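Chemist: need coordinates for the following:
(2 chains)
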Amino acid sequence: MSALIEIITSDYGIHLGILICIYLILAQSLNLTFGLGRLFNLAHIASCAIGAYATALLSTEFNYNFFICLLASMVISGIFAVALGVISLRLKTDYFAIGTLAFSSVVGAVLINWREVTRGVLGIPGIPRPEISGIDFYQNINFLGLSLVLMLLVQVFFYFIQKGRFGRSLRALAEYEEAAMSLGRNTARIRNISFFISSVAAGMAGSLLAYYLNYIDPSSFSLTEMVFVLTIVIVGRPGSFWGMFAATLFIILLPESLRFLDISSSYLGQARQFLNAGILFLVVYWKRNSLFPEQRQV
Amino acid sequence: MFTLLPQLLINSLITGSIYALSAAGLALTFGVLRILNFAHGHIMMVGAYVYLFFLTRIESGLFLSALGSICFMSLLGVIFLKIFISPFSKSTLLPFVTTVALGAIIESIVSLIFGVNVQSFSSSYATESYEVAGIFITPIQILIIVSALILLFALGYVFHRTSLGLKIRAVAENASAAQALGISRRGIVTGAFIFSTVLAAYAGILVGYETNLQPTMGGAFSIKAFAAMVLGGLGNIWGTIAGAYILGLVENLSIGLDFWGYSLPSGYKDAFAFVIILIVLLLRPQGLFGSKGRAA
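Modeler: Next up, the predicted model:
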């Protein structure tokens, strides 16, 4: 027991704690569109990237403070979500997936090639940690506190969204769109709003990630990362609120056990990718009859 | 502005041929299975690495290596189909998720075996370029253009002039009606998938000769094949092939031509496929050539 406490309070434990907070925000927000709304949203990581780069640029180039950067990240991600929503939300399942995948790829290509602003593959270093009313968040333990507070706020927000009228409408239209329409729900608007909310939260997670790592580059927002978040949501059972907590803990902590195995560090990345994709496949295989049933038809 | 045009057109033809070889298989799979195979680009990548393995580790000659790769890839195709696609074919969404997982699995295994570094097939005889009327072209590029034309014409012949093609089209049109008439859907699907796997592997090998290989290249090729397919209309095989050549043309012209003294950095070349997808989905979701294709 004391050994466990030692691990949790160690630098390594705090690092994992911060990652868990950030990914919990990402997973819970993806759960709204992908889990409840059954929209196969592959642009989630792009929203996160937009938030992260907004924070990185505003804090290094313009020295804006934490709250302005965080807010700006969320707003900018939201604006992009509205634009993408106009294009893609008219599309059905697989077309929607292709559209959002294309959007993610456009964002990735711009981050790599717009060197004057994003510094390309070199990434943006030297993002300063925030300092709020005398508390210095350079110390990881303080940053963990900040991440925990934001994470809990987001979770409470999503809890009420999911359990409230809006969440029920979203669930209903995913299951049986015509029925939801016949009960007077504006399904297009509900979908757009869910996509917007989910992207705003992803922008927030991106901002936190940029502050925590002090450095971001395009590879942090690749398709591999998207698969990682997707795996969390699918393992946690799409649409389940509490499932995301268990799945985030499991998916983040499990690959860490690879560190204690005798694997060369140069293979660690590939081993983690293999493990994640393997888990994703196995869970989908196991749950293939209940996961994402087709919409009921009139 | 136009002095480079002939060279750019030839380059477009080369790029387009590679995209067409890869996208034709994807469209065929979509036709008979109604699924999006996101691992298609990764299968291309594996094909090239398998060939590299035969060529450099086993050191069998060109011909035997090619034969070995075809056999191995056919086997791999059957395994991928039976494990990652067939159990989920009732749903439209799940095969997409499982092939995304398959792509990530393939990528990690290939990087574990061959390393993440860029590799290529060293071949002096294939990269020495000829000059014809101011246009530079290498033997391997001639091979790419000619073999793509031959293979695509052969595909067209089988598809429209033989009874096998009729069966494939019947399964694509209405699988249960085709089965009621005694056509083995499973056989057609397996055959089509193996064919698309081998075709993708061939395209991957050509990419290895023409540029180079990297385990992470799969995703980009998948998305480009998707772009060609969205452009031509999902499941429309001729539209998809035309889409592939259009994509090659757009990519090469966009970075090659300078517009009023300004030309795009070559890094943006890859982004055009993605922008095309978004524009087509916005304006014409059924694809350029699809009138009877599925509405989005």
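Chemist: which other helices and strands contact the helix or strand containing residue A:279?
Modeler: Counting by DSSP states H and E, the element that carries residue A:279 is helix A:268-286. If you count contacts as 3 or more Cβ pairs under 8 Å, 6 or more residues apart in numbering or on different chains; DSSP states H and E, helix A:268-286 packs onto helix A:223-235, helix A:243-256, helix B:94-114. Every C-beta, even on glycine, is put in place using the N, C-alpha and C of the backbone.
Chemist: can I get the ones you listed in a markdown table with mean pLDDT?
Modeler: A markdown table is the format used below for those (pLDDT from 0 to 100):
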| stretch | mean pLDDT |
| --- | --- |
| helix A:223-235 | 88 |
| helix A:243-256 | 87 |
| helix B:94-114 | 90 |
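Chemist: identify whichever of those lies nearest to residue A:28.
Modeler: Smallest distance to residue A:28 across the helices and strands packed on helix A:268-286 (Cβ to Cβ): 5.0 Å, for helix A:243-256.
Chemist: now the helices and strands packed on helix A:268-286 as JSON lines including mean neighbour count and distance to residue A:101?
Modeler: Putting these into JSON lines (neighbours: other Cβ atoms under 10 Å in any protein chain shown; distance: least, Cβ to Cβ, whole Å) gives the following:
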{"stretch": "helix A:223-235", "mean neighbour count": "24", "distance to residue A:101": "8"}
{"stretch": "helix A:243-256", "mean neighbour count": "18", "distance to residue A:101": "21"}
{"stretch": "helix B:94-114", "mean neighbour count": "23", "distance to residue A:101": "9"}
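Chemist: dump these to JSON lines, plus distance to residue A:15.
Modeler: Formatted as JSON lines, the helices and strands packed on helix A:268-286 follow (distance: least, Cβ to Cβ, whole Å):
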{"stretch": "helix A:223-235", "distance to residue A:15": "17"}
{"stretch": "helix A:243-256", "distance to residue A:15": "10"}
{"stretch": "helix B:94-114", "distance to residue A:15": "23"}
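Chemist: looking at those, which is closest to residue B:174?
Modeler: Of all these, helix B:94-114 sits nearest to residue B:174, with 19.6 Å by Cβ to Cβ.
Chemist: tell me if residue B:182 really is in a helix.
Modeler: No - according to DSSP: H, G, I helix; E, B strand; the rest coil, residue B:182 belongs to no helix; its state is coil.
Chemist: show the subsequent helix or strand relative to the helix or strand of chain B with the lowest mean pLDDT.
Modeler: When each helix and strand of chain B is scored by mean pLDDT, DSSP states H and E, helix B:124-127 comes last, with a mean of 61. The first helix or strand that comes after helix B:124-127 along the chain, using DSSP H and E, is strand B:130-132.
Chemist: that next one: partners in the sheet, and parallel or antiparallel?
Modeler: Sheet pairing here is set by DSSP bridges, and for strand B:130-132 it gives strand B:135-137 (antiparallel).
Chemist: what pLDDT, on average, does the partner strand get?
Modeler: Mean per-residue pLDDT for strand B:135-137: 80.
Chemist: could I get the buried residue list for it?
Modeler: Of the residues in strand B:135-137, residue B:137 count as buried by neighbour count, 16 or more other Cβ atoms under 10 Å in any protein chain shown.
Chemist: where does pLDDT dip in the stretch 151-298 of chain A?
Modeler: With pLDDT under 70 as the threshold, the stretch 151-298 of chain A has low-confidence stretches at A:263, A:292-298.
Chemist: re the thing from before, pull the CA coordinates from the helix holding residue A:279 and hand them back as CSV.
Modeler: What follows is helix A:268-286 as a C-alpha-only set of coordinates in CSV (Å, rounded to 0.1, in the frame of the first residue of the first chain):
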residue,chain,number,x,y,z
LEU,A,268,8.3,1.4,-27.2
GLY,A,269,6.2,3.6,-29.5
GLN,A,270,5.5,0.8,-31.9
ALA,A,271,4.7,-1.6,-29.1
ARG,A,272,2.2,0.8,-27.7
GLN,A,273,0.6,1.4,-31.1
PHE,A,274,0.3,-2.4,-31.5
LEU,A,275,-1.2,-2.8,-28.1
ASN,A,276,-3.8,0.0,-28.6
ALA,A,277,-4.9,-1.1,-32.0
GLY,A,278,-5.1,-4.7,-30.8
ILE,A,279,-7.3,-3.8,-27.9
LEU,A,280,-9.5,-1.6,-30.2
PHE,A,281,-9.9,-4.6,-32.6
LEU,A,282,-10.6,-7.1,-29.8
VAL,A,283,-13.2,-5.0,-28.1
VAL,A,284,-15.0,-4.2,-31.4
TYR,A,285,-14.9,-8.0,-32.3
TRP,A,286,-16.2,-9.0,-28.9
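Chemist: list the buried residues in that helix.
Modeler: When burial is assessed from 16+ other Cβ under 10 Å, helix A:268-286 yields the following buried residues: A:270-277, A:279-281, A:283-285.
Chemist: next: stretch A:12-19.
Modeler: Across stretch A:12-19, burial judged by 16+ other Cβ under 10 Å covers A:13-14, A:16-19.
Chemist: ok, now stretch A:153-162?
Modeler: A:154-155, A:158, A:161-162.
Chemist: related to what we said a few turns ago, can I get the buried residues of stretch A:12-19 in JSON lines including secondary structure, distance to residue A:167 and pLDDT?
Modeler: Compiled in JSON lines, the buried residues of stretch A:12-19 are given as follows (DSSP: H, G, I helix; E, B strand; the rest coil; distance: Cβ to Cβ, whole Å; pLDDT from 0 to 100):
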{"residue": "A:13", "secondary structure": "helix", "distance to residue A:167": "33", "pLDDT": "82"}
{"residue": "A:14", "secondary structure": "helix", "distance to residue A:167": "33", "pLDDT": "85"}
{"residue": "A:16", "secondary structure": "helix", "distance to residue A:167": "30", "pLDDT": "87"}
{"residue": "A:17", "secondary structure": "helix", "distance to residue A:167": "28", "pLDDT": "88"}
{"residue": "A:18", "secondary structure": "helix", "distance to residue A:167": "28", "pLDDT": "89"}
{"residue": "A:19", "secondary structure": "helix", "distance to residue A:167": "27", "pLDDT": "90"}
